[in-house]
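I'll drop the sequence and a predicted model, then ask my questions.
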Amino acid sequence: MPIAKNTICLWFDKDAEAAARFYAQTFPDSAVHAVHRAPADYPSGKAGDVLTVDFTVAGIPCMGLNGGPAFRHSEAFSFQIATDDQEETDRYWNAIVGHGGMESACGWCRDRWGISWQITPRVLTQAMAAGGEEARRAFTAMMEMGKIDVAKIEAARRG
C-alpha cells in the first residue's frame with residue numbers, strides 16, 4: 001500500500017494494534033495494513049515490541065504509535081462518523097461505549113483508548129445546515145442528548 005501524503009498519527013501508550021483492529025472491525029472502509037516492530041529498545045519499549053500500526057478508519061489513513069504514557073488524548077481531536085439512521089447510530093455508539101468507552105454529550109463518546117468520536121446522524125447535520133429556526137430547534141434538542149436520538153431531531157426540525 002502506498003504511503004499517503006497526509007496521515008493522522010495517533011499516540012497510544014501501548015495498545016495501537018488493539019485499537020486499530022477494533023476500528024477495522026467496527027467501521028466500514030477500515031483496515032489494518034501493517035504492524036511494525038521496534039528494531040531496538042526505546043524509552044517506553046523493547047526491541048520487537050509493536051512500535052507503529054498503519055491502518056485506515058472510515059477511509060482516513062492513520063498510524064498508531066506506541067509511544068508510552070507521556071501524552072493523552074483529548075476532545076481537541078475527534079473522529080466524526082456520519083450515520084444514516086438510528087440503527088447505524090446505535091451500532092457505532094454501542095460498539096465504542098460498550099467496549100470500555102465512555103458516553104459524553106451531544107453525540108460525543110470516547111473509546112477505551114481515549115480517542116473521541118462524534119457519532120453524528122446526517123439529519124442533525126442537515127438541520128444545522130438549514131439554519132434559522134430549524135437549526136435552533138435541532139440544536140436545542142441535541143443539547144439535551146448523549147447519544148443522538150434521530151426521531152427527536154426529526155421532530156425538532158418539523159417544529
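Great, that's in hand.

where does the chain dip in pLDDT?
By pLDDT under 70, the weakly predicted segments of the chain are 1.

domain ranges for it?
According to automatic domain parsing, the chain comprises the domains 1-71, 73-159.

mind putting the ones you listed in JSON lines, mean neighbour count included?
Every C-beta, even on glycine, is put in place using the N, C-alpha and C of the backbone. Below are the domains of the chain laid out as JSON lines (neighbours: other Cβ atoms under 10 Å):
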{"stretch": "domain 1-71", "mean neighbour count": "16"}
{"stretch": "domain 73-159", "mean neighbour count": "16"}
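
mind listing the strands for the chain?
Secondary structure of the chain, counting by DSSP state E: strands at 8-12, 31-37, 50-57, 60-66, 78-83, 102-103, 108-110, 116-121.

nearest to Gly146, of these?
For the strands of the chain, proximity to Gly146 was assessed by Cβ to Cβ; strand 102-103 is nearest, at 4.8 Å.

mind listing residues that contact the closest one?
With contact meaning Cβ atoms under 8 Å, 6 or more residues apart in numbering, strand 102-103 is reached by Val97, Cys109, Arg110, Gly146, Lys147.

do that again at 6 Å, thanks
Applying Cβ atoms under 6 Å, 6 or more residues apart in numbering, the contact partners of strand 102-103 are Val97, Cys109, Arg110, Gly146.

for the last one, what are its contacts?
When the contact criterion is Cβ under 6 Å, 6+ apart, the partners of Gly146 are Glu103, Ala105.

if we go to 10 Å?
If you count contacts by Cβ atoms under 10 Å, 6 or more residues apart in numbering, Gly146 has them with Trp93, Val97, Glu103, Ser104, Ala105, Cys106, Gly107, Trp108, Cys109.

in a markdown table, list the contacts of strand 102-103 along with distance to Gly64.
Conversion of the contacts of strand 102-103 to a markdown table gives the following (distance: Cβ to Cβ, whole Å):
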| residue | distance to Gly64 |
| --- | --- |
| Val97 | 21 |
| Cys109 | 19 |
| Arg110 | 16 |
| Gly146 | 27 |
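
would you check which pair of the residues you listed lies furthest apart?
Arg110 and Gly146 (11.9 Å).

correct me, but Ala135 touches Met128?
Yes: with contact defined as Cβ atoms under 10 Å, Ala135 counts as touching Met128 (5.1 Å).

endpoint to endpoint, stretch 64-75 covers what distance?
17 Å (Cα to Cα, to the nearest Å).
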